[in-house]
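1. Need a 3D model of the following:
(one chain, ligands or ions: 1)
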Amino acid sequence: MEHPENSKEYKGLTVNSGVEQPSNINPYLKRGRYKHRRLSVNDYVEGIVKGDVTVLGQAVTLVESTNPEHQVQAQEVIEKCLPYSGRSIRVGISGVPGAGKSTSIDEFGLHVLKEHGGKLAVLAIDPSSERSKGSILGDKTRMEKLAVHPDSFIRPSPSAGSLGGVARKTRESIILCEAAGFDKIFVETVGVGQSETACHSMVDFFLLIQLAGTGDELQGIKRGIMEMADGIVINKCDGNNVDKCQLAAAQFRNALHLFPAPESGWTPQVLTYSGFYGLGIKEIWDMVYQYIDFVRANGYFEHRRNEQAKFWMYETINEHLRNSFYQNETIAQMLAAEERQVLEGRQTSFVAAKQLLDAYFALLH
Ligand code: GDP
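-> Reported below is the predicted structural model:
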């Protein structure tokens, strides 16, 4: 059809009819989305051992998957990666939200990569991600500098399941990262509740980030957590906060004196720093490396890793037993009724529990 603008009214202007568009530029291109090729166990292991971070990322996703088929495959991958793992230093970093973990880890990471070379993986244990459906360690752009560093690998916390489940997945991811050549592992955790204990059970050095300011720093912090720390570092020691931080450091040092000497033979140190201004970072990492040398020399490094391996064996058994019980259909059906009876006071908790367990064990025979 003739274009209306080609009429005499629009002199000096002609509109050509366009070329016909082919339905597909590349006739060989098949329509539809590409399906991801599923990797075999050997593909995963080969990729990981070569240090391919894309494959490493996929393997971590496999470890985190709740699909039973994926879990079986993940266990095989982990087993084959085990001989390549273990050659790293693992540092746990804990602090309450706002303590400055992301800011600090960004600085810490850049420092260790610059001064000690190698490759750094940052993993996390954040049980809040399941409970609140919004994780504390992952809801913002964190560790901006480290995220674009070619020698770093950052993964947010696995989210599915109980704290034990989340922590186990993080521990398994450590093995994969080590097999991929990451010789420095940071495990970040939020300083709220049980997650520190889980983190402590998979690292060589446990670093606790604290803040000064309230004057009674020691009241809010649980004794057990302080006892776990191999180093306590007080952040935001900058501007007019310096005096307060130094006072807090002195208080922490005094408090540590009252604790029994740690099994490692190491005296936990208390330092001040500023993650934001990059002050005092070197001193912290000199301390961490000094500790590693110290415990390697006295045999505690090996001892702690062996104890951790044992701990995780029992943790895994417990988790499987729990899952086997709660995922059993008969038990699931009985549970609601038993629970109601307990709530209505028609049965004691212990009798109800015994009945459920008896029913479960009878099913096994
Ligand atoms: P996270 O929740 O523990 O990961 O803490 P962030 O790293 O997100 O830090 C919380 C807030 O404290 C942010 O507003 C940071 O800018 C601030 N912050 C972190 N480190 C320092 C520091 O060394 N000095 C000061 N003055 N502020 C800091």
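
2. Please save the CA atoms from stretch 15-22 in PDB.
-> Extracted in PDB, the C-alpha atoms of stretch 15-22 (Å, rounded to 0.1, in the frame of the first residue of the first chain):
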ATOM      1  CA  VAL A  15       8.900   6.800   2.500                       C
ATOM      2  CA  ASN A  16      10.100   3.500   1.100                       C
ATOM      3  CA  SER A  17       8.400   0.300   1.900                       C
ATOM      4  CA  GLY A  18      10.600  -1.600   4.200                       C
ATOM      5  CA  VAL A  19      12.100  -5.000   3.700                       C
ATOM      6  CA  GLU A  20      10.200  -8.000   4.800                       C
ATOM      7  CA  GLN A  21      11.400  -9.300   8.200                       C
ATOM      8  CA  PRO A  22      12.400 -12.900   8.300                       C
END
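
3. List the buried residues for it?
-> Residues of stretch 15-22 include none that count as buried (16 or more other Cβ atoms under 10 Å). Every residue, glycine included, has its C-beta placed from N, CA and C.

4. For Arg90, list the residues it contacts.
-> Residues counted as contacts of Arg90 (Cβ atoms under 8 Å, 6 or more residues apart in numbering) are 174, 185, 187, 202-205.

5. so it, which of the three states?
-> Classification of Arg90 by DSSP: H, G, I helix; E, B strand; the rest coil places it in strand.

6. Kindly write the ChimeraX command that selects the buried subset of the contacts of Arg90.
-> The buried residues among the contacts of Arg90 can be selected in ChimeraX (16+ other Cβ under 10 Å) with this line:
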select :174,185,187,202,203,204,205
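
7. Low-confidence regions, this structure specifically.
-> For the chain, the stretches with pLDDT under 70 are 1-5, 11, 13, 21-37, 128-141, 160-161, 192-193, 213-222.

8. Go again with 50.
-> Scanning the chain for pLDDT under 50 picks out 131, 139-140.

9. Where does whichever residue of the stretch 201-350 of the chain sits closest to the ligand sit: helix, strand or coil?
-> Residue nearest to the ligand within the stretch 201-350 of the chain (Cβ to the nearest ligand atom): Phe276, separated by 3.2 Å. The local conformation at Phe276, judged by three-state DSSP, is coil.

10. ok so, going back, out of the contacts of Arg90, which sit inside helices?
-> If you go by DSSP state H, the contacts of Arg90 have Ile174 in helices.

11. any chance of the contacts of Arg90 in a markdown table, plus distance to His365?
-> Listed next are the contacts of Arg90 as a markdown table, based on distance: Cβ to Cβ, whole Å:
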| residue | distance to His365 |
| --- | --- |
| Ile174 | 39 |
| Ile185 | 44 |
| Val187 | 42 |
| Met202 | 37 |
| Val203 | 42 |
| Asp204 | 44 |
| Phe205 | 47 |
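
12. Mind checking which of the contacts of Arg90 land in strands?
-> Mapping the contacts of Arg90 onto strands (DSSP state E) picks out 185, 187, 205.

13. so the residue of the stretch 201-350 of the chain closest to the ligand makes contact with Asp106?
-> No - here Phe276 does not reach Asp106: they are 9.9 Å apart, not a contact under Cβ atoms under 8 Å.

14. More neighbours: those two, which one.
-> Counting neighbours by other Cβ atoms under 10 Å for Phe276 and for Asp106 shows that Asp106 has the greater number, 23 against 16.

15. Excluding chain neighbours, give the residue nearest to that one in space.
-> Leaving aside its sequence neighbours, Asp106 sits nearest to Met143 (Cβ to Cβ, 6 or more residues apart in numbering; 4.5 Å).

16. Give me the phi and psi for the one you found.
-> Dihedral angles phi and psi of Met143 (degrees, to the nearest 10) take the values phi 50, psi 60.
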